[in-house]
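J.: what shape does this take:
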Amino acid sequence: MKNESVVELIKDLTAKLSAVAEEFNGRVAHAAEEVPVGEENDEAALVDYAETVLEQRRMRRQFLPGELFHEPAWDMLLALFVSRDARLPMNIKALVSMSDAPVTTSQRWIEHLHKLKLIDRVIDPTDRRRVEISLSHTGDQAMKAYLRALKHQ
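T.: Numbering: from 1, shown residues only. Got it, this is the predicted structure:
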């Protein structure tokens, strides 16, 4: 009887996560369609803007307690967006250091970002202990759309 309720709970959670992912993917697709004319090739400006946002987020910790600004997933998405432009490989260890959060917390967020299809994980064929992390196409489009909207606010 217990196994049946656990299975039902897992099915329910899976359905809810799938619904959230579908809604998110729909929003990303819609936002990608709304790229203003002449801004299709503004990626360098968006990367510069993302670097500025990331630096501003880090600067807050110099003046205020870091516990006020605990958003490891957002820090990771910004870092991945900036690093993809520089063609810098981002492994889990590097990404965890960018999130300024405990390793276990960061790893849970990495797993969650992967389930939401915002990031891709690729195991290094030469060293299977290393996992390279990058923004997925969906994650890249979402970051571009958000940064464009933020920049033109």
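
J.: got the contact list for the strand or helix carrying Val82?
T.: Applying DSSP states H and E as the criterion places Val82 in helix 72-85. Helix 72-85 has contacts (CB atoms under 8 Å, 6 or more residues apart in numbering) with 43-44, 46-47, 50-51, 53-54, 57, 89-90, 95, 98-101, 105-106, 109-110, 112-113, 118-119, 133-135, 139-140, 143, 147. Every C-beta, even on glycine, is put in place using the N, C-alpha and C of the backbone.

J.: those in helices, which ones?
T.: 43-44, 46-47, 50-51, 53-54, 57, 95, 98-99, 105-106, 109-110, 112-113, 139-140, 143, 147 (DSSP state H).

J.: re earlier: among the contacts of helix 72-85, which ones are buried?
T.: Among the contacts of helix 72-85, the ones that count as buried by 16 or more other CB atoms under 10 Å are 46-47, 50-51, 53-54, 90, 95, 98-101, 106, 109-110, 113, 118-119, 133-135, 139-140, 143, 147.

J.: next, the buried residues of stretch 118-130.
T.: 118-120.

J.: equivalent analysis for stretch 77-92, please.
T.: By neighbour count with 16+ other CB under 10 Å, stretch 77-92 contains the buried residues 77-84, 90, 92.

J.: any chance of those residues in TSV, plus pLDDT?
T.: Output for the buried residues of stretch 77-92, formatted as TSV (pLDDT from 0 to 100):
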residue	pLDDT
Leu77	95
Leu78	93
Ala79	92
Leu80	94
Phe81	93
Val82	91
Ser83	89
Arg84	80
Met90	87
Ile92	87
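
J.: which among those residues gets closest to Ser5?
T.: Ile92 (34.1 Å; CB to CB).

J.: what count of nearby residues applies to the closest residue in space to the closest one that isn't next to it in sequence?
T.: Excluding the flanking residues, the one nearest Ile92 by CB to CB, 6 or more residues apart in numbering is Val131, at 5.2 Å. Val131 has 16 neighbouring residues, counting by other CB atoms under 10 Å.

J.: tell me what Val131 is bridged to.
T.: Ile123 (DSSP bridges).

J.: so what's Leu68 closest to, chain neighbours aside?
T.: Arg60 (7.6 Å).
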